[in-house]
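*Asks:* Below are the sequence and a predicted model; questions follow.
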Amino acid sequence: NLTSGIVGLANVGKSTFFQAITRSKLGNPANYPFATIKPEEARVIVPNPKLDHLVDLYNSDKRVPSILKIFDIAGLVRGASDNKGLGNAFLADIRAVDGIFQVVRAFEDPEITHIEGSIDPVRDLTIVQDELLLKDMEFIENAIERLHKQLKNRGGKTPQDIADMGEEIRTLEQAYDNLIGGQRIMNKTDWDDDQIDILSKHHFLSAKPSVFLANVSEESFLSGKVKDSLGSIRQWVDEYAPGSSIIPVSASYESKMADKNPESIPKNSALPQIIQKMRETLDLISYFTCGPIESRQWTIRKNTLCPQAAGVIHTDFETTFINAELIKYEDVANLKPPFDEKILRSKGKIHRVGKNYIVQDGDILTFHSAA
Ligand code: GDP
């Protein structure tokens, strides 16, 4: 299960946003008892209208949605990367997540001190990025030193091992040049597939997929005119993290609404979009298993083969996989209950797929296994 972390300077609204998530209808659902969740971790239901329809169509007793784990990673400050104590702990927490929600303060409020003295989203984006880059530089220095030590002692190493280590050092040196130039590791470089494999092993902070959350004032969020004020953030993101999404949010509005009516998600809440964007950013898609007992959404990475997708349900299913029956969501999207498998079958809408089938978003699958 992939995780994401909320990152940003102090006083930008991270905790307010995190609390809004946990208190909203989407947060920490009942099948995850609170006791098993750490205070800084939220499990959020992934909103999915397709699942609603399938529960209805199959007349399922239970609806089991996917979950996204979100961690509140407190207190990144300028200089965190050379702080041997707390600063390093934050950065280690960031290293452990798969994706980053970066909260940027875009709301004015004289009552709430900005730790840098003024509201300047672009400066804040730069401060946070610099800490990530500096930390990655330190990782690379250590990794290269380790590799050189290993290379000195060639006993037991094949020529291929030695060539691989050489390639790793060269790739890391090139990545280091990127960082020195003020760029994230993946940015502005045409890495080949082997290099990408090398780099992803290292879990660099500046290579994590990011979604930027612009915490705007309640008034501008509700006015719908917020896009205009995001220009400078957009420009920065296009330059330093191209392709990443920027979502305007009002942490205080979300928080108020979650308190006022925890049973429903307000129509203008940014939370569903935020969760969906992070899933897209992490290349996550869903397939469904449906029946009268339950309809369930399962999360996989894009380009997952059928046996591996089955393995998400139970690891044994991957090895015992024989084949699967597939219904495309589009073919049932407009059907009314009760679900009639015979009719669907007679129309040729139930397909048999094997171990080379790449599961697509929205597929409805029934697996056959040898177990
Ligand atoms: P964190 O340090 O990033 O976790 O920031 P907090 O969520 O603790 O927020 C810092 C302060 O800013 C708190 O007093 C919040 O009530 C306030 N705050 C958070 N979001 C907003 C907002 O959207 N508008 C306004 N006016 N205040 C906010």
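*Replies:* Nice, I can see it.
*Asks:* packing partners for the strand or helix carrying Met137?
*Replies:* Met137 is located in helix 121-152, with elements delineated by DSSP states H and E. For helix 121-152, the contact count by 3 or more C-beta pairs under 8 Å, 6 or more residues apart in numbering; DSSP states H and E identifies helix 86-96, strand 99-105, helix 159-180, helix 231-240 as packing neighbours. Bear in mind the C-beta positions are built from the backbone N, C-alpha and C, glycine included.
*Asks:* So what's the gap between stretch 9-28 and the chain middle?
*Replies:* Here the centre of stretch 9-28 is set off from its chain's centre by 16 Å, with C-alpha atoms, centre = their mean, to the nearest Å.
*Asks:* again, but for stretch 338-358
*Replies:* Using C-alpha atoms, centre = their mean, the offset of stretch 338-358 from its chain centre is 32 Å.
*Asks:* so for it, what's the average pLDDT?
*Replies:* Summarised as a single mean, pLDDT over stretch 338-358 is 96.
*Asks:* can you dump the C-alpha coordinates of it into CSV?
*Replies:* The C-alpha trace of stretch 338-358 is given here as CSV (Å, rounded to 0.1, in the frame of the first residue of the first chain):
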residue,chain,number,x,y,z
PRO,A,338,-30.4,-6.8,-11.0
PHE,A,339,-27.1,-7.9,-12.5
ASP,A,340,-27.7,-10.6,-15.1
GLU,A,341,-24.5,-12.5,-15.9
LYS,A,342,-26.2,-14.7,-18.5
ILE,A,343,-27.3,-11.8,-20.7
LEU,A,344,-23.9,-10.2,-20.5
ARG,A,345,-22.2,-13.6,-21.4
SER,A,346,-24.6,-14.1,-24.3
LYS,A,347,-23.6,-10.6,-25.6
GLY,A,348,-20.0,-11.6,-25.5
LYS,A,349,-19.2,-9.0,-22.8
ILE,A,350,-17.4,-11.5,-20.5
HIS,A,351,-13.9,-12.0,-21.7
ARG,A,352,-11.4,-14.6,-20.7
VAL,A,353,-7.9,-13.1,-20.0
GLY,A,354,-4.6,-14.8,-19.2
LYS,A,355,-1.3,-14.1,-17.5
ASN,A,356,-0.2,-11.6,-20.1
TYR,A,357,-3.2,-9.3,-19.8
ILE,A,358,-2.4,-5.9,-18.4
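*Asks:* On the three-state scheme, the residue lying farthest from the centre of the chain is what?
*Replies:* Of all residues in the chain, Gly155 has its C-alpha farthest from the mean position, at 41.5 Å, by C-alpha atoms, centre = their mean. At Gly155 the chain is in coil, as set by DSSP: H, G, I helix; E, B strand; the rest coil.
*Asks:* List the residues that contact Asp124.
*Replies:* Counting by C-beta atoms under 8 Å, 6 or more residues apart in numbering, Asp124 touches Gly8, Leu9, Val12, Val104, Arg105, Glu116.
*Asks:* got a winner among those residues for most neighbours?
*Replies:* Ranked by neighbour count (other C-beta atoms under 10 Å), the contacts of Asp124 have Val12 at the top, with 29 neighbours.
*Asks:* in which helix or strand would I find Ile70?
*Replies:* With DSSP H and E as criterion, Ile70 is part of strand 67-72.
*Asks:* For that strand, which helices and strands make contact with it?
*Replies:* Using 3+ C-beta pairs under 8 Å, 6+ apart: strand 67-72 touches strand 3-7, helix 14-23, strand 41-45, helix 271-281.
*Asks:* quick one, which of the helices and strands packed on helix 121-152 is nearest to Pro47?
*Replies:* Nearest of those to Pro47, taken as C-beta to C-beta: strand 99-105 at 16.5 Å.
*Asks:* Pull up the pairing partners for that closest one, direction included.
*Replies:* Strand 99-105 pairs in its sheet with strand 3-7 (parallel), strand 210-215 (parallel), by DSSP bridges.
*Asks:* want to throw those strands into TSV with mean neighbour count, mean pLDDT and distance to Glu318?
*Replies:* Converted to TSV, these look like this (neighbours: other C-beta atoms under 10 Å; pLDDT from 0 to 100; distance: least, C-beta to C-beta, whole Å):
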stretch	mean neighbour count	mean pLDDT	distance to Glu318
strand 3-7	23	94	22
strand 210-215	25	96	30
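*Asks:* quick one on the thing from earlier: and of the helices and strands packed on helix 121-152, who's closest to the ligand?
*Replies:* strand 99-105 (6.4 Å; C-beta to the nearest ligand atom).
*Asks:* Now do the contacts for the residue farthest from the centre of the chain.
*Replies:* So Gly155 contacts nothing (C-beta under 8 Å, 6+ apart).
*Asks:* So it versus the ligand, what's the distance?
*Replies:* Relative to the ligand, Gly155 is positioned 51 Å away (C-beta to the nearest ligand atom, to the nearest Å).
*Asks:* Then Arg154?
*Replies:* Arg154 is 50 Å from the ligand, by C-beta to the nearest ligand atom.
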